[in-house]
Structure formats: C-alpha cells, structure tokens
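**Q** Predicted structure and sequence below. I'll ask about it afterward.
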Amino acid sequence: MNIGIIVFPGSNCDRDCAHVVSEVMGESAHFIWHQETTVKGMDVIILPGGFSYGDYLRTGSIARFSPIMEAVIEFANSGGIVLGICNGFQILLEAGLLPGAMSHNKDLSFICEEVYVRVENADTPFTNQCQSGQVLKLPIAHADGNYYTDPVTLSALQANAQIVFRYCDKDGNVMSTANPNGSLDNIAGIRNAQGNVLGLMPHPERCAEIILSNQQGRFIFESVLTSFKGNVSVSV
Amino acid sequence: MKARIYITLKDGIHDPQGRAVQQSLHMLGFEAVQDVRMGKFLEVDLQTTEKESAEVQVKNMCQKLLANMVIEDFRYELIN
C-alpha cells in the first residue's frame, strides 16, 4: 500500500507517521512536499500533526492553501481515504473537507497528555478493527483542540454517526470532566458524510509500538490497512 | 488605499483569552469591566484608489482566508 504523508513547513509528526507506516505496518510511506501538485499513485493520504506555517492567523488556515491541497481535496472528493491528525485535522476543517472549526483550548494551555476516547462508530475505514464503545488511550498535544460547529451541523454529525471519537474517562463515560479542551459534545474526531475523511486530535502515530508502552494507535492504522487489504491481525 | 480589518469571534463563541484578560483587569481593580472579547486587527495596503474594487477584494480576502466564518465575523474601514 502507498501512503502519502503531506509535509508542510512546520509539520513535525510526518516522520513519526512514516515510521509507523513503514516500520510497524510494513507499508510504503511517501513524503509529499506541500509545493507538489499531485498525489497520484497514493492509496491513502495522511495530513500529519505539527505547526504548519507556525499556526499563524489560525491553525491550518495557511496550509489549507498550499499547492498540494488542491490535489488532496480532489483525492478526498473522489473517495480517497484521508486521515488528518491534530494539525492535519485543523487543516481539514479549514479546507472544508470536514465541517466546523477549532478554537483555543478552554483553559488556554497547551495540553500534552494521554487521554481516553470512546469509539463511537466502529464502522469506518479508520476504526473497523475497534469495537463500538471501545475505550482507547491516546496522547494529545495541542493548544487549539476546542471543536466548535453550529447546532444544525452538530445535529447532522450526530444523526449520521460522523462523530467517531469522543473524550471520555477510562471507563468510557463521556462527561465534561473528561473533556480536556472544551470541545463541543466532547468531540475528539469526526468523519465526513461520505465516510472517507477522518480528522482526530489525538496522535495514534505516537502510540503504535510496545517500546512506547502503548500500542493502541495501531487500531487506527490497522483499520485503514484492513479496509484495503482485508483482515490484518491486531495484537495490542 | 488602506483597509483596516477587524476579525472578531461571533457572539456565543467561547473566548478564553478575553476571559483571562477580563479576570486580570478585575484583579487590577477595573471592576466596571463587564466583558472582554479579543480579536484580530489587520492593516492591508491595497494598490487601488477605487473604493468599490477595494471593497470587493477585502470582502473576498476576509471570507477566503482572514476570517473563519464558522466562528468569526469581520468588518473593515477603507482609508485613502
């Protein structure tokens, strides 16, 4: 499988993603510089975390107009699998590939810690190796993860099972005290209506190996692989 | 022509920065402060003297890049 990882000036999780794709999953990772104009030959596109363009103006707002983004939007609109992690999620929102917007964390702090998220929809190319309701422990590292959208869009997200991950406690209870950043409805990750684009704030690429004492991020990478290749065993 | 552009959060959007500033002002004794909302201010130099064309361009740049219309509003003044 060919997985394209878009590299913006200021991306800093691109190599982590490539490491997981090639060393842990055994697939081919391809770095695609933001000045490129094609994603031809790629099966999956990852928009990695980081601080593209220094987060100037708003997170993701300038990266969204990088030359490569036209190709990414076309790829997504023709059904291609796109995964946006953290800053990648913010870019997907700014690009309009996912609805809503991010603002500052409610307490203004940059939060770098492990959190729990509940899998709300296990019937997606990104979560098919999870159980519905499963609790994953994943790291977050962001200052702007406070998801917002208008009430009409929120209702549509809920009705179409587009909310894929919600912040919860370790037992899976979704409640305000388990919400690290003030995100609307405890949203940690959403997919588009077509189901081929996912954005999430946690970093699955930072927890996909035993040496890191947490491999739960593998569920997401192995789900994507499974959606292409059939069953891939998950041993976490 | 110069455009002075103000980007502000829409009503009802949580503004933790504004709140932190408000609390700080209270601590300094400015108790009359009811609310603080923080936004962005941009000065954009435009190579045009035509007000109409400037207006179209400024609106366009705000909607496309400078403001996120999901959470922000914009207004502007044009100065010769």
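**A** Structure's in. What do you need? The model shown is predicted, which means the values in this text are computed figures rather than measured ones.
**Q** C-alpha only now, for contacts and for neighbours.
**A** OK.
**Q** Which residue is the nearest non-sequential neighbour of the residue of chain B found nearest chain A?
**A** Chain A sits closest to B:P16 of chain B, with a gap of 5.7 Å, by C-alpha to the nearest C-alpha. Nearest-residue entry for B:P16: A:K106, 5.7 Å, with adjacent residues in sequence omitted and distances by C-alpha to C-alpha, 6 or more residues apart in numbering or on different chains.
**Q** helix or strand for A:S132, which one?
**A** Taking DSSP states H and E as the definition, one finds A:S132 inside no helix or strand.
**Q** still on that earlier bit, pretty sure the residue nearest to B:P16 contacts B:R19?
**A** No: A:K106 is beyond contact range of B:R19, at 10.0 Å (criterion: C-alpha atoms under 8 Å).
**Q** More neighbours: which of the two?
**A** A:K106 (19 against 16; other C-alpha atoms under 10 Å in any protein chain shown).
**Q** Angles on the backbone of A:S132, please.
**A** phi -60, psi 130 (degrees, to the nearest 10).
**Q** right, and it touches A:A122 too?
**A** Yes: here A:S132 reaches A:A122: they are 5.0 Å apart, a contact under C-alpha under 8 Å.
**Q** Look at these two and report which has more neighbours.
**A** A:A122 (19 against 15).
**Q** Is B:E77 bridged to anything, and to what?
**A** B:R4 (DSSP bridges).
**Q** residue contacts, it?
**A** B:E77 makes contacts with B:3-5, as judged by C-alpha atoms under 8 Å, 6 or more residues apart in numbering or on different chains.
**Q** try A:E209
**A** A:24, A:215, A:218.
**Q** and chain A, which of its residues are near chain B?
**A** A:57, A:61-62, A:94, A:100-101, A:104-108, A:148-150 (C-alpha under 8 Å from any C-alpha of the partner chain).
**Q** I only care about these that end up buried; give me the ChimeraX line for that.
**A** Only the buried entries of those go into this ChimeraX selection, using 16 or more other C-alpha atoms under 10 Å in any protein chain shown:
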select /A:61,62,94,100,101,104,105,106,107,148,149
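**Q** thinking again about what came up before, who wins on neighbours among the contacts of A:E209?
**A** A:R218 (24 neighbours).
**Q** Not counting sequence-adjacent ones, nearest residue to it?
**A** A:A208 is the one closest to A:R218 (C-alpha to C-alpha, 6+ apart), at 4.9 Å.
**Q** mind checking pLDDT for the residue lying farthest from the centre of chain B?
**A** Residue farthest from the centre of chain B, counting by C-alpha atoms, centre = their mean, is B:G29 at 26.7 Å. With respect to pLDDT, B:G29 scores 97.
**Q** before we move on, what about the one 10 residues further on?
**A** Model confidence at B:G39, given as pLDDT, is 96.
**Q** separation between A:G10 and chain B?
**A** 19 Å (C-alpha to the nearest C-alpha, to the nearest Å).
**Q** Tell me where the chain has strands.
**A** I went with chain A, as the question did not name one. Counting by DSSP state E, chain A has strands at residues A:2-7, A:28-33, A:44-47, A:81-85, A:101-103, A:111-119, A:135-142, A:146-148, A:163-168, A:187-191, A:197-200.
**Q** wrong chain, I was asking about chain B
**A** B:2-9, B:40-45, B:72-79.
**Q** Tell me which of these sits most buried.
**A** strand B:2-9 (a mean of 18; mean count of other C-alpha atoms under 10 Å in any protein chain shown).
**Q** which parts of stretch B:53-67 are buried?
**A** B:54, B:58-59, B:62, B:65-67.
**Q** nope, stretch A:181-199 is what I was after
**A** Buried, per 16+ other C-alpha under 10 Å, within stretch A:181-199: A:181-192, A:195-199.
**Q** With just CA atoms, put stretch A:148-158 into CSV.
**A** Output in CSV follows, covering the C-alpha atoms of stretch A:148-158 (Å, rounded to 0.1, in the frame of the first residue of the first chain):
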residue,chain,number,x,y,z
TYR,A,148,-17.0,24.0,17.5
THR,A,149,-19.8,23.9,15.0
ASP,A,150,-23.3,25.4,14.7
PRO,A,151,-26.2,23.4,16.3
VAL,A,152,-27.6,22.3,12.9
THR,A,153,-24.3,20.8,11.8
LEU,A,154,-23.8,19.2,15.2
SER,A,155,-27.2,17.5,14.9
ALA,A,156,-26.2,16.3,11.4
LEU,A,157,-22.9,14.9,12.8
GLN,A,158,-24.8,13.1,15.5
